[in-house]
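Engineer: build the 3D model from these lines:
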Amino acid sequence: MSKHLFGLVVTHHGTAANNRGENEGNITTLQKILWNGEVHTTVSAEAIRWAIRYYWQRVGKSVNRKWDEDANDHRWEDEDWLPWTDPQGKGKGKQTFIDDDVLGFMLAEAGKAEGNEAEIAEGKGKKKSRVKGTCDKRRGALEVTRALSLTPFAGDITFNAKSGQKTSTSLYGTEVHATRYQYGFVLTPEWLRDKSRTLDVVDAVVSLAEVAGNQSRFLFDFSPDAVIFRWTDDFAPRFLYGFTVGDGTVAIRQEVLDRIKSKDIAANEIVVGGSIATTAQGTALKEQGAVVLDGVKAAADEVKQRIRRDLELK
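Structural biologist: Coordinates of the predicted model:
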């Protein structure tokens with residue numbers, strides 16, 4: 001039976017603003033959704049995936065889609081994904097890149113021409129058939145949820161003005177949310193070309209820095225304040241949004257604790273790290289058989305040991 005890695009992350013408390021460079025008039029907005037009847041801010045899964053790829057680039061992993069700071073754009077190592085699209089031809093013997101393997105890709109090409117020029121006559125008086133495009137794709141093995149703020153958005157806006165000569169557009173406002181974010185992720189190593197890359201996913205999750213769009217102007221620490229890993233044979237994560245906040249402290253939602261208590265989630269599959277460890281919840285989880293550690297990096301090391309053992313990695 002295949003193994004699955006599930007994770008739940010809650011970030012440190014910080015101030016989020018302008019996380020995609022979008023605006024309404026002179027107001028730079030945050031993305032928002034309605035969650036349990038209240039407005040919460042959110043960060044897209046794509047922004048998190050981008051940050052994971054960028055982390056791998058910065059630590060020296062071979063990525064296909066490299067970010068060029070000077071050009072403010074991506075640079076491709078292999079924009080045709082030849083090890084995947086032509087493994088017995090031009091791609092034979094070539095390495096696969098970690099981001100293609102873990103995050104997936106899609107190469108879509110339209111027909112060679114548009115409109116009437118993209119139609120081929122099949123003989124006089126016969127109907128014409130349209131030239132079809134092609135699509136080579138690989139679904140990403142790593143799936144990530146949207147990051148959701150732990151607290152509702154109160155509508156805070158800061159106002160400022162650009163420097164220099166003032167005009168009618170010099171004034172601008174920025175939506176600001178002081179909060180934490182939580183998100184979940186799922187990875188099935190069986191879907192990877194190189195299963196050892198599961199370890200690289202764990203490293204990236206516990207070491208993320210800022211996560212935002214390309215026009216971000218704020219620094220928000222997206223590394224975990226607390227993390228829950230689950231290494232299991234179960235196909236269902238049974239937790240993806242499992243943190244809450246009260247009196248300024250982070251806690252695990254009661255329904256997640258109930259699933260562990262009822263053994264819908266086996267306690268011995270759980271590794272908890274970070275601020276939860278020193279709470280009453282951390283003590284209770286440890287008594288039920290979960291591994292509870294003070295640090296998120298220690299939790300990462302523990303779950304990586306389990307992954308190495310079960311996948312027979314070096």
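Engineer: so where's the stretch 201-314 of the chain shaky on pLDDT?
Structural biologist: Residue ranges of the stretch 201-314 of the chain with pLDDT under 70: 212-218.
Engineer: grab the longest helix from this protein for me.
Structural biologist: Counting residues, the longest helix found in the chain (DSSP state H) is helix 296-311.
Engineer: for it, buried residues please.
Structural biologist: For helix 296-311, burial by neighbour count (16 or more other C-beta atoms under 10 Å) applies to 296-297, 299-304, 306-307. (C-beta placed from N, C-alpha, C; glycine too.)
Engineer: reformat the residues you listed as CSV; add distance to Phe97.
Structural biologist: Output for the buried residues of helix 296-311, formatted as CSV (distance: C-beta to C-beta, whole Å):
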residue, distance to Phe97
Val296, 27
Lys297, 26
Ala299, 28
Ala300, 23
Asp301, 26
Glu302, 28
Val303, 24
Lys304, 21
Arg306, 26
Ile307, 21
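Engineer: pull the residues that contact the longest helix of the chain.
Structural biologist: For helix 296-311, the surrounding residues in contact (C-beta atoms under 8 Å, 6 or more residues apart in numbering) are 3, 5, 189, 195-196, 198-199, 202-203, 205-206, 223-227, 229, 231, 271-274, 291, 293, 313-314.
Engineer: then stretch 237-249?
Structural biologist: 4, 6, 8, 10, 145, 148, 150-151, 180, 182-184, 186, 226, 228, 230, 250-253, 255-256, 259, 264-265, 275, 279.
Engineer: next: stretch 268-285.
Structural biologist: By C-beta under 8 Å, 6+ apart, the residues outside stretch 268-285 that reach it are 224-232, 234, 249-252, 257, 260, 267, 289-300, 302-303, 306.
Engineer: related to what we said a few turns ago, of the contacts of helix 296-311, buried ones?
Structural biologist: Those of the contacts of helix 296-311 that meet the buried threshold are 3, 5, 189, 195, 198-199, 202-203, 205-206, 223-227, 229, 231, 271-274, 291, 293, by 16+ other C-beta under 10 Å.
Engineer: looking at these, which are in strands?
Structural biologist: Mapping those onto strands (DSSP state E) picks out 5, 224-227, 229, 231, 271-274, 291, 293.
Engineer: what about stretch 87-97, how long is it end to end?
Structural biologist: Distance between the two ends of stretch 87-97: 14 Å, counting by C-alpha to C-alpha, to the nearest Å.
Engineer: quick one: contacts for Gly7?
Structural biologist: Contact analysis of Gly7 by C-beta under 8 Å, 6+ apart lists 184-186, 205, 227-230.
Engineer: who's it bridged to?
Structural biologist: Gly7 has these beta-bridge partners by DSSP bridges: Phe185, Phe229.
Engineer: and Thr158, by the same measure?
Structural biologist: Beta-bridge partners, per DSSP bridges, of Thr158: Thr174.
Engineer: tell me how far it lies from Met106.
Structural biologist: Per C-beta to C-beta, to the nearest Å, Thr158 is found 38 Å from Met106.
Engineer: same check, this time on Arg49
Structural biologist: Per C-beta to C-beta, Arg49 is found 13 Å from Met106.
Engineer: those two: who's more crowded?
Structural biologist: Shown here are Arg49 and Met106; by other C-beta atoms under 10 Å, Arg49 has more neighbours (21 against 11).
Engineer: wait, the more buried one touches Val102, no?
Structural biologist: No: using C-beta atoms under 8 Å, Arg49 is not in contact with Val102; the gap is 9.0 Å.
Engineer: any residues in contact with both of the two?
Structural biologist: Each of 140, 142 lies in contact with both Arg49 and Val102 under the rule C-beta under 8 Å, 6+ apart.
Engineer: and the two most separated of the ones in strands among the buried ones among the contacts of helix 296-311?
Structural biologist: Greatest spacing in these, by C-beta to C-beta: Asp225 and Trp231 (21.2 Å).
Engineer: hang on, the earlier thing: now the angle from the longest helix of the chain to strand 224-232?
Structural biologist: 10 degrees (axes from the mean of the first three to the mean of the last three C-alpha atoms, to 10 degrees).
Engineer: Trp56: which of the contacts of Gly7 is nearest?
Structural biologist: Among the contacts of Gly7, and counting by C-beta to C-beta, the member closest to Trp56 is Val205, at 11.7 Å.
Engineer: where does Ser196 fall, phi/psi-wise?
Structural biologist: With angles defined as degrees, to the nearest 10, Ser196 sits at phi -70, psi -20.
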